[in-house]
Structures are given as C-alpha cells and as structure tokens.
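1. pasting a predicted model and its sequence here:
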Amino acid sequence: MVALPLAGITLVVASSTIEGFAQVCLKQSATVVTEKRRWLWLGIALFVLEALLYSGALRSLDISTAYPMGALSFVSVTLFSSWLLNETITRKRWLGLGLIVCGAALVV
Amino acid sequence: MEQTTKSRRVLIAGLGLAIALDTAGQLLWKVCVAGLPASAEPGPIVLAVLHQPLCLVLVAIFLLQLFNWLKVLEHADLSYAQPITSLSYVTVCLLSATLLDERIGLAKTIGVLCVLSGVVLVGQSKAQEQNAASTRA
C-alpha cells in the first residue's frame, strides 16, 4: 500500500460518527414516553448502516488499524450525549474517556 | 437527584450483563466468521449463516444485548454507560490470552491499565448528572 488508505479512514470515522447518532436514538427510545418504537428502529437502522460502512472500511484497512480507530465512537457518543441529550459531561468523565480511547488503541 | 439503591443495583447488573454479552458476542463472532465460506458473494454467505447454529446463537446474543442495553439506558446517562462497556476490551484481551493462548505484551498491558483507570474515573461520576433528557417527549 503506497498511498494512505484515505477512503478506509473516512469510512471508519463516518461509522464511528453514526454510532454516536445510533446510541442517542436508543437512549431516546429508552427515555421518551411516546414514539419509543420510532427511535428504536431509527437506532437499529443506523447500526446496520454503521456495520456496512465498517465492513467497507475493512476492505482497504488492516483490522489492526480499523479496530482501534473504532474507539473514536466513544468520543462521538459522548459529544452527541452532550449536544443532543443535554447530558452534563464532567471533567472526570472526559479524562476517563481519554484514558479509555488511548487504552483501547493499545489493547488491540 | 438521588438514585435509589434498587435502580443502582439494576444498573450495575445491566452493565455487567452488557459487558459479558459483548465479550461472548465478539469471541463467538470470530468463531462464526472462521466457519464461513471465503466467497465474496452475499448469497452463499447468508445461506451458510442460516445453516450454522452458532451464528443463530450470535443473533440471539445481539438481540439480548439490545434489550438489556435499553434497560441500562433507562437508569443511566448515555455518556456514563457507554464508556463503561469499554471493559469488554479488557475481558476480550484476557480471554483471548487464556483461551486462544495469545500473548499479552507490554503495550497491551498498558492499554488494559489505561482502560481500567478510565472506567474507574467515569464510574466515579454520577450515573445520571442533571440533564433534561428524561423529560423530553
């Protein structure tokens, strides 16, 4: 592989971002009173889309690159929890998250 | 916003189950994929999946995981619960070392320690910080 597999990297980033949206949908489904099912199906559909994009990424990326990058989804989930669900992210949570992402990258 | 002991217990059990199911799912997924034909066509792969009981167990695990996860999210912030499931990186790493005889080098050991300390930090925050999500329609 000569050039950077940009397409693969873009796909992993996209799938991690979609995971954030999917998780927000599931959280909505668990907490809202009406339209629970709509949120649930939207979440499931997004998970399927994420899996497809991730599979596409694996065509051009080694799993040892793709899998640790997938830990980015922890960041996207936290960002969307804050923006879309108004959750308070304390400094401790951010710090813990940073350690988790670094750790996940090393473990794989 | 004080959490009742019962809600706390349900949350801890749910998170434990989520991590266990995630770990089982990941290990089983590897076993399933290894048993599939090398074809790139979706048709034969789908047929093979339907004929392999282990793959059906995997689907059952995914469904159980989804159901359990919705329960967990009733009791905790998403930004609290989701990072804690990263413990499955640790359990998968340890299990693949025990079951599959994979070696755990220095980098992996440091990684495991990082994930563990990160989870401890996230776990020290409240499961539900003040937020408006629970009142949304």
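-> Everything's here; your move. Numbering: from 1, shown residues only, chains lettered A, B, ... in the order given.

2. now B:Trp29. Nearest residue, chain neighbours left out?
-> Excluding the flanking residues, the one nearest B:Trp29 by C-beta to C-beta, 6 or more residues apart in numbering or on different chains is B:Leu58, at 6.1 Å. All C-beta atoms are positioned from the backbone trio N, CA, C, and that covers glycine.

3. okay, now A:Glu35: neighbour count?
-> Residues near A:Glu35, counting by other C-beta atoms under 10 Å in any protein chain shown, number 12.

4. B:Leu78 now?
-> For B:Leu78, the count of nearby residues is 27 (other C-beta under 10 Å).

5. flag every buried residue along the helix or strand of chain B with the lowest mean pLDDT.
-> Lowest on mean pLDDT, DSSP states H and E among the helices and strands of chain B sits helix B:42-51, with a mean of 76. In terms of neighbour count (16 or more other C-beta atoms under 10 Å in any protein chain shown), helix B:42-51 has its buried residues at B:Val49.

6. I'd like the next helix or strand past that helix.
-> As assigned by DSSP states H and E, the chain's next helix or strand after helix B:42-51 is helix B:53-75.

7. quick one: distance of the helix or strand harbouring B:Leu121 to the chain centre.
-> B:Leu121 is part of helix B:106-124 when elements are defined by DSSP H and E. Its chain's C-alpha centre and that of helix B:106-124 lie 16 Å apart, by C-alpha atoms, centre = their mean, to the nearest Å.

8. cool, stretch A:101-108 as well?
-> Taking mean C-alpha positions (C-alpha atoms, centre = their mean), stretch A:101-108 and its chain are 15 Å apart.

9. quick one: contacts of it?
-> Outside stretch A:101-108, the residues that touch it by C-beta atoms under 8 Å, 6 or more residues apart in numbering or on different chains are A:64, A:67-68, A:71-72, A:74-75, B:86, B:89-90, B:93, B:107-108, B:110-118.

10. report whether the expected contact of B:Ile104 with B:Leu95 is present.
-> No - the criterion here is C-beta atoms under 8 Å, and B:Ile104 misses it with B:Leu95 at 11.2 Å.

11. circling back to that earlier point, for the helix holding B:Leu121, name the packing helices and strands.
-> Contact here means 3 or more C-beta pairs under 8 Å, 6 or more residues apart in numbering or on different chains; DSSP states H and E; on that basis helix B:106-124 packs against helix A:91-107, helix B:78-84, helix B:87-99.

12. of those helices, which is nearest B:Glu41?
-> Taking C-beta to C-beta, helix B:87-99 is the member of those nearest to B:Glu41, at 30.0 Å.

13. can I get the helices and strands packed on helix B:106-124 in TSV with mean pLDDT and distance to A:Val48?
-> Formatted as TSV, the helices and strands packed on helix B:106-124 follow (pLDDT from 0 to 100; distance: least, C-beta to C-beta, whole Å):
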stretch	mean pLDDT	distance to A:Val48
helix A:91-107	92	23
helix B:78-84	94	19
helix B:87-99	86	21
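
14. which stretches of chain A have low pLDDT?
-> Where chain A drops to pLDDT under 70, the residues are A:1-4.

15. how about the contacts made by A:Ser16?
-> A:Met69, A:Gly70, A:Leu72, A:Ser73, A:Val75, A:Ser76.

16. what about the fourth one, which SS state?
-> Meaning A:Ser73. The assignment at A:Ser73 comes out as helix when based on DSSP: H, G, I helix; E, B strand; the rest coil.

17. wait, isn't it in contact with A:Phe21?
-> No - the pair A:Ser73 / A:Phe21 is not scored as a contact, 10.4 Å apart, by C-beta under 8 Å.

18. just to revisit the earlier point, of the contacts of stretch A:101-108, grab the buried ones for ChimeraX.
-> To isolate the buried members of these in ChimeraX, using 16+ other C-beta under 10 Å:
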select /A:67,68,71,72,74,75 /B:86,89,90,93,108,111,112,114,115,116,118
